[in-house]
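> Here is my input, please return the structure:
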Amino acid sequence: MSTLPSTATFQISAIPTETLRRIREHGIDDLGNPVVPFDDTAGELPLRCCLRDSVVGERVAAIGYGPFPWSGPYAETGPVFIHAEACDGYSDTGSYPAGYRHRQQIFRAYGPDRTIVAAKIVDSVDAEPALAKLLARSDVDFVHSRNVAYGCYMFTIRSSS
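This next block holds a predicted model:
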């Protein structure tokens, strides 16, 4: 687990393995769309299954994914990229994803009342301190990392202290 300032710790979660298995096996995403794999010809697609960028030639898919365990106005579902077939996933759950260090991110903090309670745009060097501040708030249940340009879901962060 990573240590944040003020001795807070966090847990990073990619898309759950069971969710990925269901989507890949049924060939249908969370929005009911067919999963259409393709060969990545450019690389650098942010993969939400293993939290790294794709490389040229990998078989990937764009899917509609809903990271929320509830419905409501803040429960966004949107496009994300995954490996078309099962991969090793993201196992270093106590560390900020090295594969996303080069990406500016938006951290959206959600409260137990299912609303957005804070948001912060961060660069890689600011990630852990920004997470420490957000996760230390009593009104924050979890944080989503999202793509700055498109707003797409990247991964979930929870306090583990």
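
> how many other residues sit next to R22?
R22 has 13 neighbours, counted by other Cβ atoms under 10 Å. Just so you know, the C-beta spots here come from the backbone N, C-alpha and C atoms, and that holds for glycine as well.

> ok, which stretches of this protein are strands?
With DSSP state E as the criterion, the chain has strands at 10-13, 38-39, 46-47, 52-53, 59-65, 78-83, 105-110, 116-122, 142-147, 153-159.

> contacting residues for I157?
Contact partners of I157, counting by Cβ atoms under 8 Å, 6 or more residues apart in numbering, are 10-13, 107, 131, 135, 142-145.

> Kindly recompute the last result at 10 Å.
10-13, 93, 96, 107, 109, 127, 131, 134-135, 140, 142-145 (Cβ atoms under 10 Å, 6 or more residues apart in numbering).

> For the residue nearest to it when sequence neighbours are not counted, list each beta-bridge partner.
Residue nearest to I157 in three dimensions, not counting chain neighbours: V143, with 4.4 Å by Cβ to Cβ, 6 or more residues apart in numbering. Under DSSP bridges, the beta-bridge partners of V143 are A109, I157.

> heads up, I number from 867, so please use that
From this message on, residue numbering opens at 867, which makes the last subject V1009.

> Of the strands of the chain, which is nearest R887?
strand 944-949 (11.2 Å; Cβ to Cβ).

> Output the closest one as PDB, nothing but the C-alphas.
Only the C-alpha atoms of strand 944-949 are listed here, as PDB (Å, rounded to 0.1, in the frame of the first residue of the first chain):
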ATOM      1  CA  GLY A 944     -19.300   6.000 -20.600                       C
ATOM      2  CA  PRO A 945     -16.700   4.600 -23.000                       C
ATOM      3  CA  VAL A 946     -13.500   2.900 -21.800                       C
ATOM      4  CA  PHE A 947     -10.800   0.800 -23.500                       C
ATOM      5  CA  ILE A 948     -10.000  -2.800 -22.300                       C
ATOM      6  CA  HIS A 949      -8.000  -5.700 -23.700                       C
END
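
> and it, how far out from the chain's middle?
Centroid displacement of strand 944-949 relative to its chain, using Cα atoms, centre = their mean, to the nearest Å, is 10 Å.

> so for that strand, what's the average pLDDT?
For strand 944-949, mean pLDDT is 97.

> Show me how this structure divides into domains.
Domain assignment for the chain by automatic domain parsing gives 871-878+960-1025, 883-949.

> Worst mean pLDDT among those?
Note on the domains of the chain: lowest mean pLDDT is at domain 871-878+960-1025, with a mean of 92.
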